[in-house]
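In: Sequence first, then the predicted structure, then my questions.
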Amino acid sequence: MLDDRMLDIRGLTLDIHGARPLREIDLVLKKGKSLGVVGESGSGKSLTALSIMGLLPNGAVAQGQALWKGRDLLALTEDQYRTIRGREIAMIFQDPMSSLNPSFTVGFQIDEVLKIKMGIRNAAERRARGLSLLKEVGIPAPEERWNSYPHQMSGGMSQRVSIAMALASEPELLIADEPTTALDVTVQAQILELLRRLIHERHMSMIFVTHDLAVAAKVCDEIAVFYAGVAVEQGPSEMVFETPRHPYTQALLRARPTKIQASSEGRRPRLAAIPGSVPRSTEQIAGCVFASRCEKVMESCFTKRPPVAEGANSRKSRCLLQGDQ
Amino acid sequence: MSRAFKFGQIATTLFGITLVAFFLIRLVPGDPVTLLIGERGASPEAIAELKARIGLDRPLVEQYGLFVWNALKGDLGVSILSGRSVGAEFLERLAATAELGLTALMLATLVGVPLGIFAALHRGRLFDRLSMGLAVSFYSMPIFWWGLMAIVIFSVKLAWLPVSGRIGVEHDVILKSGLLLVDSWLMPGSLAESWAAFKSVIHHLLLPASVLATVPLAVIARMTRSSLLEVLGEDYVRTARAKGLSRFRVVALHALRNALIPVVTVIGLMLGTILTGAILTETIFSWPGLGRWLVSAVLSRDYPVIQGGILMVAVVVLTTSLLVEIFYYFISPRSRGRG
């Protein structure tokens, strides 16, 4: 059981300049699986990804553990980290156009990984490898692209290059931080399909950060739902989607605008919304972070912090209602 | 920007400069003839004859037209005072100013860029505040004040460096390129003599070049700092870190390569500042360059030298800024456009 836990985050808490954007995050990623991390902006999903990469902003203090194959990432020195970051774990980012260095060619930026991280001495071999990577991510005429600069490419093309660059180090885990948010809808679908194909073919694990629950359910084996710096629910995608456990996930799914039908008078029904607003990361919260907006709220929700309740099929949720199930 | 447009821009600028250089000095009271002969004791005939010889008796518009026409043919006229060709005098003086100015610019770059980098990497700490505070004072103190202070401290009190001139009188350097740093090696005599002359040139350069470098140094250091800080926050720097590259490679290659693009532009623009600063610096240090040449020409109302000299200085500034733009084109892939 323990063996297939590739990444095991336990009680990850983050403090930055008096704010607490992450509150005891628990997250498990199994080998060869993909995990969708879903939440609205500010829910801590990107910061969790950056914590795993050791790329937190200055002044951030992390507590808890992030066990990568048994090693606590949070306790690593910068030198130790470099054998993991960009080698065992690679990452791609939201805005592909600004994520590539404008002063260097595509070839240079891929070559660099092959030379420094993979230690391939032979330049011709690196080039051959780089070109096959570009081909693998579906870039037409890789040889021409090799000498292109990022500004000469479209967003979708840039994201493909970013993916090729991340794959160059043959990582075991790929973290994708909203990789399609900045792209056109049609391109989005292509990139999602590409990612799904690549992790399958390469037997990689993936953490897929997104604000779109439906996309996460489509791409990932498991889903973790984040709210106000807490992982409120984690479980297999279709189960979380079909039978959400946590009241926040339930409310979120009800708020989806998919079932809109114009009524007979031609007026559209109002979209469902969750009343209230997300607590600020500077607020001190003794109980459940969702208590103030929850429709199933109980008195104890305001005073008692819900523990992780584990259910069948490795489903987990942080809700007092689930405690006795 | 199209090439034709750029060319038209330069031509328009030069035309404007001929207007300003020609008419502005003629608005200033006093004229070269009076200054040459003296106000008392000169007969009206003598004055009229001298005016006719220089061509000042003709209508102003005709004089201007003649100036522009001759300038287009490459003839800037002769100095009223020395009788020598303005073009030849300009070239002589240009070499002295170039030696001073380029040394100053090099000094400002070699000190300013590392200073800015270091300050950016230690943002908010003591070194950052100290060096940037110093940069502001460099920038805001008048250059002649720095010059006089430098002379008082290093030449008069400590007697480390000479007060004025380009080289010690005992060295027999023959002007070839006009740059004494080069010519000291081309002079006849032994290598030891050359070396001694070269050292003397450096000795004479040090103080005026440092003074002239103050303002550009401050600007370059601050520009480097802010540019690097901005770039360090860019997504592609985060990507470089995510690739697991060393901090040195991330900063020195990925960040700096982009951060230095605006710095290069500023260094190019500083050439104009250097030429302006040279007027004061050369006057203080008796440096026989363009600045002092123009100042003395203004004082004696030597019209051909003033208008020709200013025009040529403008040509130099415009040429360098054009070179900077071409260089910029090569270092910044984005400016090359799509394709």
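Out: Here it is on my side, so go on. Residues are numbered from 1 along each chain as shown, chains lettered A, B, ... in the order given.

In: Contacts only, for the residue of chain B found nearest chain A.
Out: Residue of chain B nearest chain A, by Cβ to the nearest Cβ: B:Gly244 (2.5 Å). C-betas here are computed from N, CA, C, even on glycine. Contact partners of B:Gly244, counting by Cβ atoms under 8 Å, 6 or more residues apart in numbering or on different chains, are A:Tyr81, A:Arg82, A:Thr83, A:Ile84, A:Arg85, A:Gly86, A:Arg87, A:Lys117, A:Ser169.

In: so where does the last one fall, helix or strand?
Out: Under DSSP states H and E, no helix or strand contains A:Ser169.

In: Next: A:Leu183.
Out: Taking DSSP H and E as the definition, one finds A:Leu183 inside no helix or strand.

In: B:Arg93 now?
Out: Here B:Arg93 sits within helix B:86-121, counting by DSSP H and E.

In: Buried residues in stretch B:104-123, which are they?
Out: For stretch B:104-123, the neighbour count (16 or more other Cβ atoms under 10 Å in any protein chain shown) marks B:104-105, B:107-109, B:111-113, B:115-121 as buried.

In: so how far is B:Phe138 from B:Met149?
Out: The gap separating B:Met149 from B:Phe138 is 12 Å, by Cβ to Cβ, to the nearest Å.

In: So for those two, which residue has more residues nearby?
Out: The neighbour count for B:Met149 versus B:Phe138, taken as other Cβ atoms under 10 Å in any protein chain shown, is higher for B:Phe138 (21 against 12).

In: check contacts around that one.
Out: With Cβ under 8 Å, 6+ apart, B:Phe138 has these contacts: B:Thr214, B:Val215, B:Leu217, B:Ala218.

In: and the angle for the host helix or strand of it with helix B:86-121?
Out: Here B:Phe138, judged by DSSP H and E, is contained in helix B:126-140. With axes from the mean of the first three to the mean of the last three Cα atoms, to 10 degrees as the basis, helix B:126-140 and helix B:86-121 are set at 160 degrees to each other.

In: what mean pLDDT would you report for helix B:126-140?
Out: The average pLDDT for helix B:126-140 rounds to 89.

In: what does the domain assignment say about chain B?
Out: Per automatic domain parsing, the domain ranges recorded for chain B read B:14-72, B:87-336.

In: pLDDT of the first one, averaged?
Out: For domain B:14-72, the mean per-residue pLDDT is 83.

In: distance between that domain and the chain's centre?
Out: Its chain's average C-alpha position is 28 Å from that of domain B:14-72, according to Cα atoms, centre = their mean, to the nearest Å.

In: Without its sequence neighbours, what residue ends up closest to A:Gln250?
Out: A:Pro244 (4.7 Å; Cβ to Cβ, 6 or more residues apart in numbering or on different chains).

In: ignore the last one, A:Lys117
Out: Leaving out its chain neighbours, the residue that sits closest to A:Lys117 by Cβ to Cβ, 6+ apart is A:Ser169, at 4.6 Å.

In: Let's check: the centremost residue of chain B is which one?
Out: Among the residues of chain B, the one closest to the centroid is B:Leu275, at 2.8 Å (Cα atoms, centre = their mean).

In: So that one sits against B:Met312, correct?
Out: No - using Cβ atoms under 8 Å, B:Leu275 and B:Met312 do not qualify as a contacting pair, with a distance of 11.0 Å.

In: can you list the weak-confidence ranges in the chain?
Out: Using chain A. Of all residues in chain A, those with pLDDT under 70 make up the ranges A:1-3, A:258-269, A:323-325.

In: Wait, chain B was what I had in mind.
Out: B:1, B:39-41, B:336-339.

In: Residues of it that sit close to chain A?
Out: For chain B, the contact set with chain A under Cβ under 8 Å from any Cβ of the partner chain comprises B:234-236, B:238-247, B:249, B:254, B:257-258, B:261, B:331-334, B:338-339.

In: Would you map the helices across chain B?
Out: In chain B, the helices defined using DSSP state H lie at B:3-27, B:32-37, B:44-54, B:60-72, B:86-121, B:126-140, B:143-150, B:180-186, B:191-232, B:235-242, B:247-249, B:256-284, B:290-299, B:303-331.

In: So which residues of the stretch 51-200 of chain A form strands?
Out: For the stretch 51-200 of chain A, strands defined by DSSP state E, counting those that start in this stretch occupy the ranges A:60-68, A:71-72, A:89-92, A:173-177.

In: packing partners for the first one?
Out: For strand A:60-68, the contact count by 3 or more Cβ pairs under 8 Å, 6 or more residues apart in numbering or on different chains; DSSP states H and E identifies strand A:5-16, strand A:19-30, helix A:45-53 as packing neighbours.

In: again, only using 10 Å
Out: If you count contacts as 3 or more Cβ pairs under 10 Å, 6 or more residues apart in numbering or on different chains; DSSP states H and E, strand A:60-68 packs onto strand A:5-16, strand A:19-30, helix A:45-53, strand A:71-72.

In: before we move on, the earlier item: quick one: contacts for the residue nearest to A:Gln250?
Out: Neighbour list for A:Pro244: A:Leu213, A:Ile223, A:Val225, A:Val232, A:Glu233, A:Gly235, A:Gln250, A:Ala251, A:Leu252, A:Leu253, A:Arg254, A:Ser317 [criterion: Cβ atoms under 10 Å, 6 or more residues apart in numbering or on different chains].

In: mind running it again at 7 Å?
Out: A:Glu233, A:Gln250, A:Leu253 (Cβ atoms under 7 Å, 6 or more residues apart in numbering or on different chains).
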